[in-house]
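Chemist: Pasting the sequence and the predicted coordinates here, then a few questions.
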Amino acid sequence: MPTLPDDAFAPLLVDLNEPQRQAITHADGPLLILAGPGSGKTRVVTRRAAYLASTVTSARHVLAITFTNKAAVEMRQRVAALDVGPGITVATFHALCAKLLRIHHERAGITRNFAIYDRDDKRKAIKQAIEECGLSADNLSPASVDEQISLAKNALCGAAQYAESASDWRARMVARVFERYEALLTANSALDFDDLLTRMTLLVERDAELRGRLNDQYRYVLVDEYQDTNAAQYRLARLLSEGHRNLCVTGDPDQSIYGWRGADIRNILDFERDFPDAKVVRLEQNYRSTKQILALADKLIQNNLQRKHKALWTENTSGENVRIVELDDSDREASWIVDDIAKKVTAGAKLSDIAVFYRVNALSRVVEEAFFQKGLPYQIARGVEFYARKEVKDVLAYLRVLSNPDDELSLMRIINTPPRGIGDTTIERLKAEAQRTDRRVINVLSDKSVVSGLGRSGMKTRAFDALLMELSPHLNLSPSRALTEIISRSGLRAMYAQEDRGGDSAPVENLDELINAAAAFEESHPGASIVDWLEHAALVSDVDSVEGEKDCVTLMTLHAAKGLEFPIVYIVGLENGLLPFRRMQDDAGAGYDEEEERRLFFVGITRARRQLTLTRANYRMLRGITTRTTFSPFLDELPPNALQWIESERVATPVRSSRIDRGELPSDVDQWSVGTMVRHPLLGIGQIVSMDRGSRRTFVDVVFKDGSRKTWVLEFADLTRVEFEDVD
């Protein structure tokens, strides 16, 4: 590359503090950037990519990997604004792997136009696999099997390896389904979301020639949010930088919140073990939050042991104390929040400056109702739900069949959509013929000898086959034009124009919005094909739907809030069992990681720039049962001098147990064990079936007379021991 004058990259180093400058200008060798919240991490990563492209290499040799489409778009825009020329690759892990798999599909042993199955597609395929294994979806739910398969794949564990390690009945049944599910994916020329990572990682690992080519192509690899990498992402990053060791990872162990889906915090904690010569830069100055908010977050996270210490500080103003508001129940909690937001808006705040966070989506309903009753506009960060709508899935299924005829899951969705008189009996006959002759169903559709034997249904089957042939050439159009033509010519527009869901957006409006989404994609990806757009649609995440300039309040889970910031933040449900969240032990995939829950709360706190309000309800309905709640133990870990307790006029003084409020064990706890009978003020008499005495908390599982099973932290549970003779 040409030698540039020193002042050519000088603009990349202005307005930086010293640690930021060190991180940006480090050239060769491994680099760990420990970036606290609000420390200018994105600025550092983008300027580092631009600096490398301006000094030690050319733009085409720089690869920056992010975790969300939203972050990737923002990073591309920032890099473009730095005027270092095109060529830097910025992509999510999944998008990068999808791109490379399409380029090197022959090496990977897959077709170029493979389909990418989203969660709904995956679970339908798993359900089919369960049925084909002769098992019942009632005993082995597709959702629970999906979770197990996903965790296995992200740990680079295939179906055969999973089967070898299966040690109990359930694991052996999952192994059978796993194997059949993989066979269905292969038959349909499809990959699921996890396959994108695992297939590419295993390909690069076993193909030394390709690994060398990619090492030469991507001579500087930058990985953002490294604390959230799983085993496959960790190994892929190592493999892509194996030859040159120019691996720069940026992240914060204190913001590792995806352990439940396979992320391994040890990847960032052990980076210096993996690379003993790594340079470590700590970004500790916070440019986002007030001193009060930052002090609160810092005090909280210091209770974790799995972390690397950072001395968080800011030159921002001290700001207001963080408010804690306690209300009678969840309805009053939601009403209070909406009323308080209305007051702030009257005082001059913008709706778009405000966000409401919750630990689980189940808490959003009552909050939404309060916004609706008050007439305040809001948006919910659930971008994937748009692509899960029936009318949208129908359109995507047509596109997937046209681009990948092997995709029988999609073919079965559209073969009688819109209704064209092809019933279940005809479909089963087509499937049977395909299986008998070892063909795909779509090939049987064009077999005149087979179709002629279907009677009147045969004419309808031939008409459907002719429709697919008519639609096929439209794949050569731009994505938006292809969508426009296919939606119209397939009959979907006419069908959905007749529907009115009342209160929800009309299906035909969603079809138009789908065309708009494709047009927007074309603007940022000139020359993109329909396959490119299908890939983009498959990789959409919740946070991608958040419109920052939209004049409304944003509602989202704490997980979705990662990477965002708002001047005013409310976090609801500061109750034990909700934050920290603990599933019932008999739920599939149950687990509890107190440190990760604390990290999630830390992430929520540090999204707030100026004002932060925490709320809780004394009584909350969950799973149809109204239950007395207890304070989140995290509230005891916050510095009292940074808090302001708000007495709401709506709060009636509850009857409290001082023991519960202080988080103390019952005085007779030495007499509690498995089998002990206990009484709950709302649920009545129950029996302890499990008791786990941890170093910090004691967990009890109680089964009640109605068969329900509840899990509590005993220190905060409203339970009293009863003698057998006192039981009714």
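Modeler: Alright, I've got the coordinates. Residues are numbered from 1 along each chain as shown.
Chemist: Just the C-alphas of stretch 246-253, formatted as PDB.
Modeler: Extracted in PDB, the C-alpha atoms of stretch 246-253 (Å, rounded to 0.1, in the frame of the first residue of the first chain):
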ATOM      1  CA  ASN A 246      -3.100  -9.900  15.100                       C
ATOM      2  CA  LEU A 247      -6.300 -10.500  17.200                       C
ATOM      3  CA  CYS A 248      -7.800  -7.600  19.000                       C
ATOM      4  CA  VAL A 249     -10.700  -8.400  21.300                       C
ATOM      5  CA  THR A 250     -12.800  -5.700  23.000                       C
ATOM      6  CA  GLY A 251     -15.200  -6.400  25.800                       C
ATOM      7  CA  ASP A 252     -16.100  -6.300  29.500                       C
ATOM      8  CA  PRO A 253     -16.500  -9.400  31.700                       C
END
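Chemist: Can you list the neighbours in contact with that stretch?
Modeler: 26, 28-37, 41, 44-45, 48, 219-228, 237-238, 241, 265, 268-269, 271, 275, 306-308, 310 (Cβ atoms under 8 Å, 6 or more residues apart in numbering). From N, CA and C alone the C-beta is placed, and that goes for glycine too.
Chemist: What mean pLDDT does it get?
Modeler: Averaging pLDDT along stretch 246-253 yields 96.
Chemist: what ranges of the stretch 601-728 of the chain fall below the confidence cut-off?
Modeler: 622-625, 647-663, 682, 694-697, 724-728 (pLDDT under 70).
Chemist: helices and strands of this protein: which one bottoms out on pLDDT?
Modeler: Least confident helix or strand, the chain: helix 658-662 with a mean of 58, by mean pLDDT, DSSP states H and E.
Chemist: re the thing from before, is it possible to mark the buried ones in the contacts of stretch 246-253?
Modeler: Buried residues within these, counting neighbours by 16 or more other Cβ atoms under 10 Å: 26, 30-37, 41, 44-45, 48, 219-228, 237-238, 241, 265, 268, 271, 275, 307-308, 310.
Chemist: residues of stretch 314-334 that come out buried?
Modeler: 314, 316, 319, 321-334.
Chemist: repeat for stretch 251-269
Modeler: Buried residues in stretch 251-269, counting neighbours by 16+ other Cβ under 10 Å, are found at 251-259, 262-265, 267-268.
Chemist: Do you have the helices of the stretch 1-150 of the chain handy? List them.
Modeler: 18-25, 41-55, 69-81, 93-103, 105-108, 119-132, 142-154 (DSSP state H, counting those that start in this stretch).
Chemist: what angle do the longest one and helix 69-81 make?
Modeler: Right, the one you point to is helix 41-55. With axes from the mean of the first three to the mean of the last three Cα atoms, to 10 degrees applied, the angle from helix 41-55 to helix 69-81 works out at 40 degrees.
Chemist: contacting residues around helix 41-55?
Modeler: 4, 8-9, 12-13, 16, 20, 23-27, 33, 35, 59, 61-62, 64, 71, 74-75, 78-79, 82, 84-85, 87-88, 90, 220, 222, 224, 248, 250, 283.
Chemist: again, but for the first one
Modeler: Contacts of helix 18-25 from elsewhere in the structure, counted by Cβ under 8 Å, 6+ apart, are 12-13, 16, 31, 33, 40, 43-44, 47-48, 51, 279, 281-285.
Chemist: Off-centre distance for that helix?
Modeler: 31 Å (Cα atoms, centre = their mean, to the nearest Å).
Chemist: pLDDT (mean, whole number) over it?
Modeler: 95.
Chemist: Just the C-alphas of that helix, formatted as CSV.
Modeler: What follows is helix 18-25, C-alpha atoms only, in CSV (Å, rounded to 0.1, in the frame of the first residue of the first chain):
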residue,chain,number,x,y,z
GLU,A,18,-4.6,8.2,26.5
PRO,A,19,-5.9,4.6,26.9
GLN,A,20,-8.1,5.0,23.8
ARG,A,21,-5.1,6.3,21.9
GLN,A,22,-3.0,3.3,23.0
ALA,A,23,-5.7,0.9,21.9
ILE,A,24,-6.1,2.5,18.5
THR,A,25,-2.4,2.8,17.6
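Chemist: list the buried ones in that helix?
Modeler: 19, 20, 21, 22, 23, 24, 25.
Chemist: in this structure, which ranges drop under the pLDDT threshold?
Modeler: Short version for the chain, where the test is pLDDT under 70: 1-9, 382-385, 500-505, 541-549, 583-592, 622-625, 647-663, 682, 694-697, 724-728.
Chemist: for it, which strand is longest?
Modeler: strand 608-622 (DSSP state E).
Chemist: Listing partners with orientation, what would you give for that strand?
Modeler: In the sheet, strand 608-622 lines up against strand 322-329 (parallel), strand 566-571 (parallel), strand 625-628 (antiparallel) (DSSP bridges).
Chemist: out of those strands, nearest to residue 359?
Modeler: strand 566-571 (8.6 Å; Cβ to Cβ).
Chemist: roughly how far out does the closest one sit from the chain middle?
Modeler: In terms of Cα atoms, centre = their mean, the gap separating the centre of strand 566-571 from the centre of its chain is 21 Å.
Chemist: Stretch 427-434 too?
Modeler: That offset, for stretch 427-434, works out to 38 Å (Cα atoms, centre = their mean).
Chemist: which parts of it are buried?
Modeler: 427, 429, 430, 433, 434.
Chemist: same deal with stretch 412-432?
Modeler: So stretch 412-432, judged by 16+ other Cβ under 10 Å, has buried residues 412, 413, 414, 415, 416, 417, 422, 426, 427, 429, 430.
Chemist: Now render these as TSV, adding distance to residue 167 and secondary structure.
Modeler: TSV is the format used below for the buried residues of stretch 412-432 (distance: Cβ to Cβ, whole Å; DSSP: H, G, I helix; E, B strand; the rest coil):
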residue	distance to residue 167	secondary structure
412	36	helix
413	37	helix
414	42	helix
415	42	coil
416	44	coil
417	43	coil
422	45	coil
426	44	helix
427	39	helix
429	42	helix
430	41	helix
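Chemist: now, among those, which is nearest to residue 665?
Modeler: residue 413 (55.2 Å).
Chemist: The closest one contacts residue 391, correct?
Modeler: No - look at residue 413 against residue 391 with Cβ atoms under 8 Å: they stay out of range, at 11.8 Å.
Chemist: quick one, which of the strands paired with strand 608-622 is nearest to residue 582?
Modeler: Set against residue 582 and scored by Cβ to Cβ, those come closest in strand 625-628, at 13.5 Å.
Chemist: Toward the C-terminus, what is the element adjacent to the closest one?
Modeler: Per DSSP states H and E, the first helix or strand lying C-terminal to strand 625-628 is strand 643-647.
Chemist: Show me what that following strand is packed up against.
Modeler: strand 322-329 (3 or more Cβ pairs under 8 Å, 6 or more residues apart in numbering; DSSP states H and E).
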